[in-house]
Every structure is written in C-alpha cells, then in structure tokens.
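Peer 1: below are the sequence and a predicted model for it; my questions follow.
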Amino acid sequence: MPVMDLANFKTRVIGCSAVMAVGQLISSAIANPATQAAAGMIGGPIAVGGVSILAAIASGIAGNIAANDLGNRMTERLSKNPRILDNHDLIKAAGEAIGYILREVAKSDRLIAIAETKNLPYPETALSQLAEKTPEYWRDINTNTSDLSRGLNISEDQLTKIFSADAEEFDRVTGLTTADWATFVNEFAASEGKSFDAEIVEFVADKLYATFPKAYCGVLKQDAAKGGEKFAAMQLNLHQIALAELRDLGLQNGEILQKLEAVATGQQICQVMVKLSAIEIGIDNLAQVRELLQTFIDTSAPRLPISLKSETIIEDRTKDFTGRKFVFEEIGRFLQTNRKGYFVLEAEPGVGKSSILAQCVLMMRRRCVTHFNSRSDGIVDAKTFLENACLQLIDGFKLRDKYPQLPENATANGNFLGRLLGEVSATLGGKKLIFVVDALDEVDLSLQSSGSNVLYLPDVLPDNVYFIVSKRPESLLLPTTKNDRVFDLMQYDAASLEDTKAYIAKRTSNSASIQNWIASHDLSREHFVGAVAQKSQNNFMYLRYVLNDIENGEYRDVSLEDLPRELTGYYRKHWAQMMGREDDPLLEMKVKIIYVISKAREAVSRGWIAKSVGETDLKVQQVLKKWDSFLRQQQVSGEIRYSIYHNSFREFLAKDETVQSAGVNVEELNRQGMNNRIEGAPL
C-alpha cells in the first residue's frame, strides 16, 4: 500500500471512529431520562430509541437526505476536518483498538489450525510483536495529505446501529471492508520485515472488520474505569464538531439542533463515559438490568467515598465477572416493588456472593453506601461498619458542616446511623438510598452487645432506604421487617450452571494456556467446559483455583477425569501435594506458616510470620511462594502483607485433622502468635 493510501486508510478509520463516538454519545445522552427532561424531550420523537434519533436527525436535513447519504457526508466531513486529524486521543483510541484485536487474534485456535494445515510457522509471535508496535506505528502514519479518495459507505442500517442507545446494537457495527483491513495488515507486516500467508491475512482481516468497533469501545471502557476525563473531553470535542458539520449540511430544524446541543455539556459527556465503562467486548447481557438499577439512584451525584479496602475487594471480585442476571433482576424487582427493606442474598462459600455484591456496586456506579466485611482484611466489627457507613453518608450528602466529625458514641450502636438515615431520606427527592453490605457471617459478634442485630443494622428503615446484604445460610440476628426478601442462590442450580459454563468459556477464550491444555488432552472446548462445570458444582472459587492452576501449568500431566472435584476436594488435593514426602525438610514449616496466617486477624508481614514460627525471613519467603495461589498480597506502608484469599480455605485449615495430622503443635503456635501481639511485633 503506497504511503498516500496508508494515510487515507488511517483517515477513514479515524472518521469511522468519530462517527461511532458521536453516535454513541448522542444516543446515550438523549436516551437518559434526566437529559430528556432537561431538554424538553419527553414524549418527543427522539425519546423512543436509536431509530427515532436517526430519523429525527435525517428529517431535519434540507432536501430530505437519506440516512446512509447523511452518514457518508458526515463521515467524509468529520474525517477531513483538521480538528479531528489533530485529535490525539481519538488517534490513540483507534490505534490501541487495532493492537488489542491483533493481540487477541494471535491466540486464536483457528489461526493455529490454518498454520498446521498448511505446514506454516505459527504466526502467534509475529502477530503479538505487531500488536505491541501498533500504537506507535498508527500514531506515525501521516494523515495530513489524505484526500479520502474512497468513502466509508456507511449504510442506513449501520448508521442506525451507531445512533442506537442499545449497547448490543452498537456492538454489531462494522467499520471498513475486509479488503481494506487485509491491505493494511500486509503493509504493516512488510514495514516490520514480516509476511503472512494469504489465508492468515484473510482471517486477521475478518476479525478486524467484525470487531474493531467493539474493541474501540473497549479502549474507551478501560479509560472510563480510571475516570474517563481524557476521552470524555475527546467526545465533547467531537460532539461540537459534529454539530457544526450538521449545520453545514443544511440542518433546518432548529428544535432538533437545540435538543442535540442540550446534551453537549461536560457533565453529560462524563455520564456517557460511565455508561461506556459497562460495555464489554461482546454482548452485554446485563445492560437492561443495569439501566433499571440506575433509575433508582441519582447518577449525577458524586460517587460515595468507598474505602480503599472495599475498592480492592471490588476490583478483585469483579475480574472476569460473568452472568448472574437473574440475581440482579430479582434485586431490581425488590427495589421496584417495596418502599424500603432488606434484600438478603444467601449462598454457600465460594458461590459468588461477594462478586455479585461487588458487581452491584459497579452497576450502581458507586452511588450506594458500600461495606465489605472480610476476615482476611481484619474488617469484622460493627464499629468499622458504622464509621464507614456514617462517613459515606456525611460526605456523600454534604453534611460535613453539620457533622465536622463523628459524635463520640456514633460507633457504639446504631443510633447515630439511624438519625443520619432519617436526615438523608428526606432529601432523596424520589430516588433511593441503597446500602450494599457483604459477608455478614464474617462479622465478629463477640465485639457487640449481647442480643443485638449483626452490625447494629437498623430495625426500622425510613421510606426509600434499602439494604442489599449477603451471608451464608446460617442463623444470624438480623432486623425483621415485612419488606424483607431472602434470596437463596443455592435454589437456582440451572441458572447458576449456565453462568458457570459462561465463565469457564470466557476464561478459556482469554487464555492460550488453557486452550493448549485442552488441545494437548485431545478434548473439545464444549466437553471441557461441561466437565469442569460439573466438577465445580457451580462454585466460582473452585473455578478460580483450578483454571489458574491449568493456566500456570500445574496440571500439565493431569487428565480431565483426575481434576479435583468440588472446592473441598481441591483443597484436599492441593494439601496433599504441598505435604509431599515425609522427609521434606520444609514440611513442618509449610504447615506452620499457612496456619499462623489463617489465624491472624488481619494481613501480616513476613517478619511477623517469621517470628511466629521461629524461622528466618528468607525461609519464610521460600514457603510463601508455594502457598501463593491461596494468599492475597497487599502493600501496606511500603511492605507486602499476606492474608488468606478466601475464608473457605481458612475453615479447611481450622479442622483439627488437617493441621494437627501434619504433626504441628497447634497450641504452641497459638501461644506464640498471642505473644507476638502482646509484644507489639510488626504486623
């Protein structure tokens, strides 16, 4: 491809990206009820959906221009606009999206199959190297001399999807032709001294054609997760440019222009960016329930100040999150049909309670009072909860002038929290105040007054105040109101199995190592997914451990049939492997170290562990590496501290026969740990 054509190609991709960004922005913003009301749109033609938005824009163009003609004219003007070509954020987003696709395609089974069939070298390394260089290469292509000699030919159907407020519609948008992408791949490869077989180029080009808009949205999503300021500014700029181009095309309907201009504010752009943060690469089957949950809260209000430890748990537990739509639908119904109350999510350990509540916080855009109890992090008492919840309410609802600091007895019981609930509920204006509180079963009730509700949760709630809480199916002292809803997740085997399979399939698609393990064991993906789902018994903690072990090569010589069954079976198998031979010189130290960590009330340092077991820091570090998959590591004051990742493993270790059968004096270890605390040994 000549240099001039390469610049032309980049210009056309930027033009396509600009139209997609503007279309997603306008449709999402106009579809927002608050924006509709502000712009006087309720009941108007634009409020109906993506097609109505497109029709309203097209109908205001002089001469009744067809929608696809409008799309091509907008694209041509946008991609020729020097302000677009100088937009570094737009160029960066497009380049990163192309690199992302090349990186994913490089791990494809189909690509390997093509290479094997034709007896060609595997292209994975070469494509991965290109992917690393794509952003720089893309940035350096000169676009200033391009004349857009070939149009994008965006059809009316494609333009309708671009201007749709439905994320699933937008995911079905395509960009340039497959032939365009094939030419680009060949030119890019040649510039790096590489070449690919024609069938491989065709496969890569097909993927670029089909998934570029999705990957482009993925880049915006990643930035939005970090705040989205740069790309929000980019979209605001694009929106303003698009309005100017629409005027130049002959937009005569002043009312439509006013409505479009009404959404061109920095605040509205940021709201759209937050919505983009929910769009995954692929179909987002939670879009509708997410939108329902967001109708209950004030999305224009600032985020509530969630604690760092809770944010860490949220980030960890929502990684690779999949499904659970039926749970969120039930939460939505509960909020919709009750004036107030408690929604209690019950399930056995490892089934995903914390992940569901963490995802719930994200779906409500952190506009809910959030608290995650955690034995591993030392968050187990009512005092911590009350302080956390009250401060979130004071800061989130601008009560700092009235309460510059918490009253003296604010954390002694639930009285002050109850007073705050009354004050805040009076200011909600039809919205709801929602608490998300995880792992009630991990609360240390011995630190509360006898007979009190767990965490001193209020017995009486004001209207429009709700608690979404989780716990194991065990008896706890909870408030009882007529609006309570206990949701037993263990009763939904069929739906949970589908989510389990979807999670395994997603992890498999994202991991070349798991795909290679499946191939080396002569299995089909379908059989692998079904068998592992069956062994897991719908336990996501089991899946995390087993899939990580497969990915890390731990089960290289283990057959599918010999993989452990259920979470307890996994713990037993791993324990047996860790114990190894009886003459292992590290045997006793392995047991001591994991035991003292399990008994610690919060994350502890290597020095604390070494003192507890009477060993050197170096030997402790050697053993910690062996327990790595069961530990959570966190930086505290410049040093790494360790805690048990999941409470179910702590309970496995607590059984007398598990640790004591290894010949360890549990009483002596407990005594030494107590001495450490008394002597003030560093955590």
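Peer 2: Ah, there it is.
Peer 1: low-scoring stretches of the stretch 401-550 of the chain, by residue?
Peer 2: By pLDDT under 70, the stretch 401-550 of the chain has no low-scoring segment.
Peer 1: just the helices in it please.
Peer 2: 415-425, 493-509, 512-520, 525-536, 540-551 (DSSP state H, counting those that start in this stretch).
Peer 1: give me the contact list for the longest one.
Peer 2: Going back to what we said before, that points to helix 493-509. 320, 322-324, 326, 351, 489, 514-515, 518, 525, 528-530, 532-533, 536, 538, 540, 543, 547 (Cβ atoms under 8 Å, 6 or more residues apart in numbering). For glycine as for every other residue, the C-beta is placed from the backbone atoms N, C-alpha and C.
Peer 1: after the helix or strand that contains Ile114, which helix or strand is next?
Peer 2: Assessed by DSSP states H and E, Ile114 sits inside helix 109-117. On the C-terminal side of helix 109-117, the closest following helix or strand by DSSP H and E is helix 124-140.
Peer 1: what is the one helix or strand Ile356 maps to packed up against?
Peer 2: Using DSSP H and E, Ile356 maps to helix 353-363. With contacts taken as 3 or more Cβ pairs under 8 Å, 6 or more residues apart in numbering; DSSP states H and E, helix 353-363 sits against helix 287-294, helix 308-317, helix 325-337, strand 341-346, strand 369-372, strand 433-438, strand 465-471.
Peer 1: dump the ones you listed into TSV; add distance to Glu199 and mean neighbour count as well.
Peer 2: Putting the helices and strands packed on helix 353-363 into TSV (distance: least, Cβ to Cβ, whole Å; neighbours: other Cβ atoms under 10 Å) gives the following:
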stretch	distance to Glu199	mean neighbour count
helix 287-294	36	19
helix 308-317	41	18
helix 325-337	38	17
strand 341-346	50	21
strand 369-372	50	26
strand 433-438	50	26
strand 465-471	50	23
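Peer 1: nearest to Thr134, of those?
Peer 2: Of all the helices and strands packed on helix 353-363, helix 308-317 sits nearest to Thr134, with 27.0 Å by Cβ to Cβ.
Peer 1: export the closest one as CSV, just CAs?
Peer 2: Output of helix 308-317 as CSV, limited to C-alpha atoms (Å, rounded to 0.1, in the frame of the first residue of the first chain):
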residue,chain,number,x,y,z
LEU,A,308,-9.6,1.6,49.8
LYS,A,309,-10.0,-1.9,51.2
SER,A,310,-13.5,-2.2,49.8
GLU,A,311,-12.3,-0.9,46.4
THR,A,312,-9.6,-3.5,46.4
ILE,A,313,-12.2,-6.2,47.0
ILE,A,314,-14.5,-4.9,44.3
GLU,A,315,-11.7,-4.8,41.8
ASP,A,316,-10.6,-8.4,42.7
ARG,A,317,-14.1,-9.9,42.8
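Peer 1: make 343 the first number, not 1, from now on.
Peer 2: All set: I'll call the first residue 343, so the last point we hit is now helix 650-659.
Peer 1: so what's Glu544 closest to, chain neighbours aside?
Peer 2: Nearest non-adjacent residue to Glu544, counting by Cβ to Cβ, 6 or more residues apart in numbering: Ala524, 6.3 Å away.
Peer 1: contacting residues for that neighbour?
Peer 2: If you count contacts by Cβ under 8 Å, 6+ apart, Ala524 has them with Val543, Glu544, Val546, Ala547.
Peer 1: most neighbours among the residues you listed, please name it.
Peer 2: Counting neighbours by other Cβ atoms under 10 Å, Val546 comes out on top of those with 27 neighbours.
Peer 1: closest one to Leu820 among the helices and strands packed on helix 695-705?
Peer 2: That would be, of the helices and strands packed on helix 695-705 and by Cβ to Cβ, strand 683-688, which comes in at 7.0 Å.
Peer 1: what's the burial count for the residue lying closest to Phe668 once chain neighbours are set aside?
Peer 2: Nearest non-adjacent residue to Phe668, counting by Cβ to Cβ, 6+ apart: Ala837, 4.9 Å away. The number of residues packed near Ala837 is 16, by other Cβ under 10 Å.
Peer 1: what does Phe870 give?
Peer 2: When neighbours are counted by other Cβ under 10 Å, Phe870 registers 21.
Peer 1: show the contacting residues for the closest residue to it other than its chain neighbours.
Peer 2: With sequence-adjacent residues excluded and distances taken as Cβ to Cβ, 6+ apart, Phe870 is closest to Ile860, at 4.9 Å. By Cβ under 8 Å, 6+ apart, the contact set of Ile860 is Thr850, Ser866, Arg867, Phe870.
Peer 1: from what I can see Ala557 touches Ile440, true?
Peer 2: Yes: counting by Cβ atoms under 8 Å, Ala557 touches Ile440, with 7.5 Å between them.
Peer 1: then the helix or strand hosting Ala532 to PDB, C-alphas only?
Peer 2: Assigned by DSSP H and E, Ala532 belongs to helix 520-533. What follows is helix 520-533, C-alpha atoms only, in PDB (Å, rounded to 0.1, in the frame of the first residue of the first chain):
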ATOM      1  CA  THR A 520     -12.300  -6.800   4.900                       C
ATOM      2  CA  ALA A 521     -10.200  -6.000   1.800                       C
ATOM      3  CA  ASP A 522      -9.200  -2.600   3.400                       C
ATOM      4  CA  TRP A 523      -8.100  -4.400   6.600                       C
ATOM      5  CA  ALA A 524      -6.200  -7.100   4.600                       C
ATOM      6  CA  THR A 525      -4.200  -4.400   2.700                       C
ATOM      7  CA  PHE A 526      -3.400  -2.700   6.000                       C
ATOM      8  CA  VAL A 527      -2.200  -5.900   7.600                       C
ATOM      9  CA  ASN A 528       0.100  -6.700   4.600                       C
ATOM     10  CA  GLU A 529       1.500  -3.200   4.600                       C
ATOM     11  CA  PHE A 530       2.000  -3.100   8.400                       C
ATOM     12  CA  ALA A 531       3.700  -6.600   8.400                       C
ATOM     13  CA  ALA A 532       6.000  -5.600   5.500                       C
ATOM     14  CA  SER A 533       7.100  -2.400   7.400                       C
END
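Peer 1: now the contacts of helix 835-851: which count as buried?
Peer 2: Neighbour-count burial (16 or more other Cβ atoms under 10 Å) is assigned, among the contacts of helix 835-851, to 664-666, 668, 693, 831, 856-857, 860, 867, 870-871, 874-875, 878, 880, 882, 885, 889.
Peer 1: so for stretch 561-579, mean pLDDT?
Peer 2: Mean per-residue pLDDT for stretch 561-579: 66.
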